[in-house]
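A.B. asks: 3D, please:
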Amino acid sequence: VFREKLAERAVAYDRVAILLGENDLGHVVWVRSARDGTSVDEQIASSARNLAAFARDMVVAEGGFRPDQVVLLGSVLPAIRNNTESGHALRKHVDASQATRTAKTLAFNELLRRTCAEEGYGWVDISSDILGGDGVVATQFVRTDRDNHLDSEATYELWMQKLPRAALVGLPVESSDEEA
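C.D. replies: Numbering: from 1, shown residues only. The predicted structure is shown next:
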C-alpha cells in the first residue's frame, strides 16, 4: 500500500516527511526489549536503523525521491506522566518514568539527526523547544483536559515555523535555540 501511495504522490509532491510517533517509540521499544531480551537502547538503535533503511530503500531508491527531498522529523516527546493513567492501556506495560522515556526519545532523535547528516536528508525537530527545565515536556505544551497528550495547537505552531524552511531549502533545521 505504501509503495502505491508513494508512487501517486511522487508526481504531485517534491518532498517526503517521515515521523516515527511517540507511541512507536514510547511503547514498542520497551515491549520489544522485554520480548526479545534486549536492551531498550538496542531497540532504539534498531528502530533508527530501520527508519533510515526505510527512507533510503523505499523513499529514495524505490520512490524516486532524492535524499535532499526527504525530511525526517524528530519523534515527539512523551507527554504522559504516569504510564498507568486511566486510558493509556498501551503504556501499562512500560514502567519507565516520563523522564527516562524522554531521555530515550532524545537519544533516538539524535540518531536520526546523524542519519540525516550522513544521508543528506532534511531534519526538523521541536524537542528542545518543548522540553521543560525538569527534563520533560513543559506544562504549556501538555493538554490537561485530554489525558495529558501534547497540545496540538501549541506544537503545531512550532512545526509550522520549522517545516517550511526544511521544505524550501532542503537543509537541516535545528531547534530555535540553536538557530540564533
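A.B. asks: count the residues that sit near Asp36.
C.D. replies: Residues lying near Asp36 (other Cβ atoms under 10 Å) number 11. Every residue, glycine included, has its C-beta placed from N, CA and C.
A.B. asks: tell me, how many residues neighbour the closest residue to it other than its chain neighbours?
C.D. replies: Distances taken as Cβ to Cβ, 6 or more residues apart in numbering put Gln43 closest to Asp36, at 7.7 Å, once the chain neighbours are dropped. By the criterion of other Cβ under 10 Å, Gln43 has 22 neighbours.
A.B. asks: same thing with the one 3 residues further on?
C.D. replies: Using other Cβ under 10 Å, Ser46 is surrounded by 15 other residues.
A.B. asks: what does Ala117 give?
C.D. replies: Neighbour count of Ala117, defined by other Cβ under 10 Å: 11.
A.B. asks: and what of Leu111?
C.D. replies: With other Cβ under 10 Å as criterion, Leu111 counts 16.
A.B. asks: and what of Arg56?
C.D. replies: Neighbour count of Arg56, defined by other Cβ under 10 Å: 16.
A.B. asks: that one and Glu118 touch, don't they?
C.D. replies: No. Taking Cβ atoms under 8 Å as the definition, Arg56 is not a contact partner of Glu118, at 10.3 Å.
A.B. asks: select the longest helix from the protein.
C.D. replies: Ranked by residue count, the top helix of the chain under DSSP state H comes out as helix 98-119.
A.B. asks: which is the next helix or strand following that helix?
C.D. replies: strand 122-124 (DSSP states H and E).
A.B. asks: which other helices and strands contact the following helix or strand past that following strand?
C.D. replies: As assigned by DSSP H and E, the chain's next helix or strand after strand 122-124 is helix 127-130. For helix 127-130, the packing partners by 3 or more Cβ pairs under 8 Å, 6 or more residues apart in numbering; DSSP states H and E come out as helix 98-119, helix 152-169, helix 176-179.
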